[in-house]
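Visitor: pasting the structure only:
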C-alpha cells in the first residue's frame, strides 16, 4: 500500500502491537477504496499528534479475520488503551468494539483524545457523534 504512505501488516502483528502500546488503533483498510485512503491519511496525521500508535491491516488480505471480528466494510477502526479494546457508543446505534465507515477529522481526534484519557481513568467507553 505504498501509494498511501503506510505499511499494512498482518492482523496478528497489529494486535500484538496494539495490546502492548499505551494507546493504539488498528485500522482495517482497502488500498483501492477512497474512504479507506482518506482514513489512512487522517490516522497518519492525527494518530502521532495525539500520541496514539496506529497499525494498518489490509481488509482484503485479512478478510477472514475481519469477518470473524464482525467487520464487513472499511475503513474500520478498533481502539485500545492499556491493551484493552475500547467500546464505542454512537447515538441510535448499538455499542460496538469498532468504528466502521468514514469519519471527520474532528470526530477522529475526539475519539483519539478520549482513548488517551482512558489511560488515567477506569473508563473504557468512547462516545462518538451520530454518523452522517
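Guide: Great, that's in hand. In this text, all values refer to a predicted model and were calculated from it rather than measured experimentally.

Visitor: I figured residue 54 hits residue 28, correct?
Guide: No. Using Cβ atoms under 8 Å, residue 54 is not in contact with residue 28, being 12.0 Å away. Glycine gets a C-beta too; all of them are placed from N, C-alpha and C.

Visitor: more neighbours, those two?
Guide: Taking other Cβ atoms under 10 Å, residue 54 and residue 28 do not tie; residue 28 has more neighbours (28 against 23).

Visitor: what residues does the more buried one make contact with?
Guide: 57, 58, 59, 62, 66, 71, 74, 75, 76, 77 (Cβ atoms under 8 Å, 6 or more residues apart in numbering).

Visitor: can you do 7 Å?
Guide: 57, 59, 66, 71, 74, 75, 76 (Cβ atoms under 7 Å, 6 or more residues apart in numbering).

Visitor: that one: what secondary structure?
Guide: Of the three states, residue 28 takes strand according to DSSP: H, G, I helix; E, B strand; the rest coil.

Visitor: partners of it in the sheet?
Guide: residue 57, residue 76 (DSSP bridges).

Visitor: for residue 81, same thing?
Guide: Going by DSSP bridges, residue 81 forms beta bridges with residue 23, residue 84.

Visitor: what residue lies at the spatial centre of this protein?
Guide: residue 77 (2.4 Å; Cα atoms, centre = their mean).

Visitor: which residues are in contact with the host helix or strand of residue 14?
Guide: Here residue 14 sits within helix 11-20, counting by DSSP states H and E. The contact list for helix 11-20 (Cβ under 7 Å, 6+ apart) reads 24, 26, 53, 55, 57, 62, 65, 80, 83.
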